[in-house]
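Colleague: Just the structure for this:
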Amino acid sequence: MPPKPKIKIPVHVFVYTIAFLPGSFYAYHWYKNAPTDEEFEEKLRQNYSQNIDNSRDKHAQMNAFLQSMKDPNSDQQKKMNEVLMGGRGGQKRLYSVDETLYGTEEGAKLALAAQEEAKKKAEKKRKKKKRESKASDEGSVDGMSSSTGGRIVKSSVAAVAVVGALAVGASFFLGGRRSQ
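Modeller: Here you go, the predicted model:
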């Protein structure tokens with residue numbers, strides 16, 4: 001019989017110790033050989049000077065913008081007021097006007113024709129909607145159309161099937177035994 005060990009180390013502690021050793025050695029090596037702040041800053045200046053300059057320029061532009069926003073008489077403040085007004089500062093025409101027809105009898109006739117055309121389209125839409133609502137009311141049972149009722153039944157069956165599958169999966173996952 002082999003001699004009894006003097007120190008007992010659980011297996012999981014041993015495995016975690018072995019797993020963390022390389023990371024610990026690398027951290028120690030980096031700590032001892034890490035560049036100083038001055039060296040690191042010099043390396044950044046060499047490799048990323050373009051990005052640093054762009055960042056400084058953008059910072060200066062943002063400061064100038066914010067300072068101009070504080071001044072109520074600046075051009076930037078006037079531009080922002082125009083944006084905030086959303087074009088409501090003055091009355092603007094949202095459609096083009098044909099100057100040759102504006103104010104003439106021919107222009108008035110064309111305007112009336114356009115209005116009549118718009119009324120006809122609106123009437124057609126209203127009639128079509130009325131026909132569709134009549135057709136769906138005739139095919140409905142208890143205020144529900146047959147196509148809608150069929151979809152509800154199918155979705156209900158699908159929902160029950162999904163819930164049943166989840167219940168079966170949970171019972172297998174939990175060991176299939178009832179707690180007593």
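Colleague: can you count the residues close to Ser68?
Modeller: A count of neighbours around Ser68, defined by other CB atoms under 10 Å, yields 15. The way it works is simple: take the backbone N, C-alpha and C, and place the C-beta from them, glycine included.
Colleague: So, low pLDDT: which residues of this protein?
Modeller: 87-95, 97, 138-150, 175-180 (pLDDT under 70).
Colleague: Let's see that with 90 instead.
Modeller: 1-11, 30-31, 34-36, 40, 44-45, 49, 52, 64-112, 129-180 (pLDDT under 90).
Colleague: Can you show me the helices along it?
Modeller: Using DSSP state H, the helices of the chain run over residues 11-33, 37-70, 75-85, 105-138, 146-173.
Colleague: Reformat those helices as CSV; add distance to Met1.
Modeller: Shown next, in CSV, are those (distance: least, CB to CB, whole Å):
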stretch, distance to Met1
helix 11-33, 21
helix 37-70, 60
helix 75-85, 89
helix 105-138, 89
helix 146-173, 44
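Colleague: For Asp98, find the nearest of those.
Modeller: helix 105-138 (7.5 Å; CB to CB).
Colleague: and that closest one with helix 146-173, angle?
Modeller: Helix 105-138 and helix 146-173 are oriented at 60 degrees to each other (axes from the mean of the first three to the mean of the last three CA atoms, to 10 degrees).
Colleague: Could you check how far helix 105-138 is from the centre of its chain?
Modeller: With CA atoms, centre = their mean, to the nearest Å as the basis, helix 105-138 stands 39 Å off its chain's centre.
Colleague: And that helix, what does it pack against?
Modeller: If contacts are counted by 3 or more CB pairs under 8 Å, 6 or more residues apart in numbering; DSSP states H and E, helix 105-138 sits against no helix or strand.
Colleague: Would you indicate which residues of that helix are buried?
Modeller: Within helix 105-138, no residue qualifies as buried by neighbour count (16 or more other CB atoms under 10 Å).
Colleague: so which of the helices of the chain gets nearest Ser96?
Modeller: helix 105-138 (13.4 Å).
Colleague: if we can go back for a sec, among the helices of the chain, which is nearest Pro3?
Modeller: helix 11-33 (19.4 Å).
Colleague: now for the closest one, which elements pack on it?
Modeller: Packed against helix 11-33, as judged by 3+ CB pairs under 8 Å, 6+ apart, are no other helices or strands.
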